[in-house]
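Peer 1: task: produce atomic coordinates for the following.
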Amino acid sequence: MTDLIDPGTVIAAEPTPQALGARTASLFRLGRDVALVLAEGSAEALRGVEFRAEGKAPFRAASQLPLSDRAALLLFRASPDNLLEIRGGSDAWRALGPAGETAALAERLAGAPRLLALIASKAAGPLRVASDVEFLRDFMALARPLAHAAPEGMRPMVGLAQGRTLWRLDQGGWLLTPQLLARVPEPESGLAPVPPGAGGALLLRAEAAPLLLPAGMPAPPTLVELARQGGSVPPGLLRQAFTALRRHTQEPWCLDAIRDAQVMAMAPPRAAAEPANAVAGAVDRAISDQGGGVFLVGWLHDPLKLIRGLTLRGPFGAVPVPMSSLFPASRPDVVKRFEQAPFGNPDPRPGFAVHVPDAGPGPVAQWRVEVALGSGDAIELIAGPALLPAAQAREAVLRSVNPLDVGPEMLDLCLAPPAARLHRVASAEPVGLEVVQIGDRPKAPLVSVVIPLYRNLRFVRHQVAAFARDPMLRDSEIIMVLDSPEQRGEAEHLLRGICGLVDLPVTLALHGRNAGYATACNTGASLGTAPVLLQLNSDVIPDVPGWLKPLLERLDSDPNIGCVGPKLMFDDGSLQHAGLYFARGPLNDWYNCHYFKGFPRHYPEANRPRPTPGVTGAAMLMRRAAWDAVGGFHADYIVGDYEDSDLCLRLRQAGFGIFYEPAAELFHFERQSIAQHGGYAGTVAAAYNRRLHHRRWAPVIESLMEAFPRLGETHAAA
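Peer 2: Numbering: from 1, shown residues only. Modelled structure (predicted):
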């Protein structure tokens, strides 16, 4: 039974200058496995006390708690079946036992009840017996005679989830019940969250005698009920409850309750928008970034420069917002409203946006902004709801400012950080997947053709009809991934009709939510079984049959080629894509560009097969092994942009080459789907993706582009 001794306490013997006397150690037990030895002697002598069980290796106590200058409690785990021995320094080993009654130990603890809290901390820590019912039974028997009845004001005030309750307490400690031993934090605003079963339990306090908490108290209102009751509850109780919970907002028993209570207690939005006032303003949106920060967008009118600062206030505290951190933005509506204001014309750009990265604990359902004036007065502005679904909140952030107002600093410091946090949360949400097979899937397909669908289905008929005329496409598997689940019925009906008409099997993968271009492509690839993978946009239509053959031949010509792209044309026959390259933009960021964009279809240099820095994701053929080696598309780009060049650069890092093959020609009616995405059109999502891509790849691109000729560079962005 020596396995119950904490193995971390085994040591080699060390002599100490002073030995223990023959009657200076008494053994007590709490439960079966916890031994307490009351030892007397000098502090120096007690530090050298050693134990052993059944003659095995010596060990020291897991914890030593001083009772006085010449006495201490030594705690460790040991089975009652073991013969325990003790020695001090170079003394001979002496047997310990039998265990004494806990009443005798209680007498010694009466003058130092704080030791009960220390025993509790060791029991929950190194001794690991916080849920051992035998230990808890004996520990309660030890502590109960030393406890006092709790004062009348100490009682449950607010109900929480999972049986927890906010109690009115004067200090925290350890809650001791027959079922558990749990920490009670120090109260804030007079309240502390207490674990289940507190009625009739003992509260072991570090600075005072233990308390016997009252039993049989009526159940208090829950936090949500408190919020609903409004003015009928004791003044300030809801605010006190939020203050007491601010350090526990991410605990499962707290998270839902504080969120729901805030939603129930929301105030109507409030602005100060009268042109007759010298100071005016509004907070149009205050959006939680679901990572501890908040994004604010609004406007201020202050022609006399009376504003001294802003403070962001929530239920858990306040955070100053320096005026210097606000990024100005155009607001034509505000300029028009205040153009005849009596205290002066508005600033040309009265709007503002700011990201407060650490706004304190959350979730926060509604924020208030306090506008401080030089006189000491303040104006309170109340924003609307702060809690939005992550994808919707991300779109709101990226749409909040006119793209013409957005420079690199505003993007890097104000818009990108909350968008990135929200995108991570949105991407982590379950996608959900259902697969519908239309027709008989090929047994050994030549190529897995993956086509993401979003909103725009008007090219599907043309694409399927073109595939049906091509024997190589009939030997391939067609996988379409619908990323707009609201179109499920329409898409399935359309594909069953057209595929049944031309006898072309299609696998339709249905996402449960909009997950973005990269995730849709990755889903389709995961369903494919062929050794070669073709990522193809839904708005890419073959010109004539046979276009797949030259792509496959080019891929097979060199095992080092990982990806091949075809020639893509606009609907008027001019070139849209003859390979992808990178060029510096107006602010020195690297942009994705297409070689020979806008040139005639048969321009000689565009008809020359060659290696290129990359190819567009609108049509890219690659080895399945290369795709798997780099992990497919990265989903940290928003909606759909720059994933293709990111993939090409990762393929290059993995040792694969990228090739352009002009013998394969297709029409590309570009950006037909992404233009309909609310999170992309009219937002700065493209700038966000470009900036992310630039920060990730700038040095690599710089070196890469030195190796490629500049022929065919049109600086036409992809």
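Peer 1: where does the prediction get shaky in the stretch 1-150 of the chain?
Peer 2: Counting by pLDDT under 70, the stretch 1-150 of the chain contains low-confidence residues at 1-23.
Peer 1: where along it do the helices fall?
Peer 2: 43-47, 102-109, 114-124, 133-143 (DSSP state H, counting those that start in this stretch).
Peer 1: which strands or helices does the host helix or strand of residue 253 pack on?
Peer 2: Counting by DSSP states H and E, the element that carries residue 253 is helix 252-264. In terms of contacts (3 or more CB pairs under 8 Å, 6 or more residues apart in numbering; DSSP states H and E), helix 252-264 is packed against helix 223-229, helix 237-245. Every residue, glycine included, has its C-beta placed from N, CA and C.
Peer 1: by mean pLDDT, show me the worst of those helices.
Peer 2: Within the helices and strands packed on helix 252-264, the least confident segment by mean pLDDT turns out to be helix 223-229, at a mean of 86.
Peer 1: just to revisit the earlier point, out of the helices and strands packed on helix 252-264, which comes closest to residue 42?
Peer 2: Between residue 42 and the helices and strands packed on helix 252-264, the shortest separation by CB to CB is 44.3 Å, and it involves helix 237-245.
Peer 1: residue 434: what's it in contact with?
Peer 2: Residue 434 makes contacts with 509-510, 512, as judged by CB atoms under 8 Å, 6 or more residues apart in numbering.
Peer 1: before we move on, back to that, any chance of the helices and strands packed on helix 252-264 in JSON lines, with mean neighbour count and distance to residue 299 too?
Peer 2: Output for the helices and strands packed on helix 252-264, formatted as JSON lines (neighbours: other CB atoms under 10 Å; distance: least, CB to CB, whole Å):
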{"stretch": "helix 223-229", "mean neighbour count": "20", "distance to residue 299": "30"}
{"stretch": "helix 237-245", "mean neighbour count": "21", "distance to residue 299": "29"}
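Peer 1: next, format those helices as a markdown table and append distance to residue 197.
Peer 2: As requested, these are exported to a markdown table (distance: least, CB to CB, whole Å):
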| stretch | distance to residue 197 |
| --- | --- |
| helix 223-229 | 19 |
| helix 237-245 | 19 |
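Peer 1: now the strands for the stretch 601-718 of the chain?
Peer 2: Counting by DSSP state E, counting those that start in this stretch, one finds strands in the stretch 601-718 of the chain at the ranges 610-611, 619-623, 657-668, 713-717.
Peer 1: report the mean confidence score over the last one.
Peer 2: Across strand 713-717, pLDDT averages out at 64.
Peer 1: just the longest one next, same as before
Peer 2: The average of the pLDDT scores along strand 657-668 is 97.
Peer 1: can you offset everything so residue one is 22?
Peer 2: With the count now opening at 22, the last piece we talked about shows up as strand 678-689.
Peer 1: helices or strands up against it?
Peer 2: strand 561-563, helix 569-578, strand 582-590, strand 631-632, helix 664-674.
Peer 1: still on that earlier bit, need the winner for burial among the strands of the stretch 622-739 of the chain.
Peer 2: Among the strands of the stretch 622-739 of the chain, judged by mean count of other CB atoms under 10 Å, the one packed with the most neighbours on average is strand 640-644 (a mean of 25).
Peer 1: contacts for it?
Peer 2: Outside of strand 640-644, the residues that reach it under the criterion CB under 8 Å, 6+ apart are 468, 552-558, 561, 569, 572-573, 576, 583-587, 589, 665, 668, 672, 687, 689.
Peer 1: which of the helices and strands packed on strand 678-689 sits closest to residue 383?
Peer 2: Go through the helices and strands packed on strand 678-689 one by one with CB to CB and the one that ends up closest to residue 383 is helix 664-674, at 31.0 Å.
Peer 1: tilt between that closest one and strand 640-644?
Peer 2: 30 degrees (axes from the mean of the first three to the mean of the last three CA atoms, to 10 degrees).
Peer 1: quick one: helix 664-674 to strand 582-590, angle?
Peer 2: Between the direction of helix 664-674 and that of strand 582-590, the angle (the same axes, to 10 degrees) works out to 150 degrees.
Peer 1: off-centre distance for helix 664-674?
Peer 2: How far helix 664-674 lies from its chain's middle: 26 Å, per CA atoms, centre = their mean, to the nearest Å.
Peer 1: got the CA coordinates for it in PDB?
Peer 2: Listed in PDB are the C-alpha atoms of helix 664-674, where the atom choice follows Å, rounded to 0.1, in the frame of the first residue of the first chain:
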ATOM      1  CA  GLU A 664      -5.900  31.800 -50.700                       C
ATOM      2  CA  ASP A 665      -4.700  30.700 -54.200                       C
ATOM      3  CA  SER A 666      -1.400  32.600 -54.100                       C
ATOM      4  CA  ASP A 667      -0.800  31.600 -50.500                       C
ATOM      5  CA  LEU A 668      -1.200  27.900 -51.600                       C
ATOM      6  CA  CYS A 669       1.200  28.400 -54.500                       C
ATOM      7  CA  LEU A 670       3.800  29.900 -52.200                       C
ATOM      8  CA  ARG A 671       3.400  27.000 -49.800                       C
ATOM      9  CA  LEU A 672       3.800  24.600 -52.700                       C
ATOM     10  CA  ARG A 673       7.000  26.300 -53.700                       C
ATOM     11  CA  GLN A 674       8.300  26.100 -50.100                       C
END
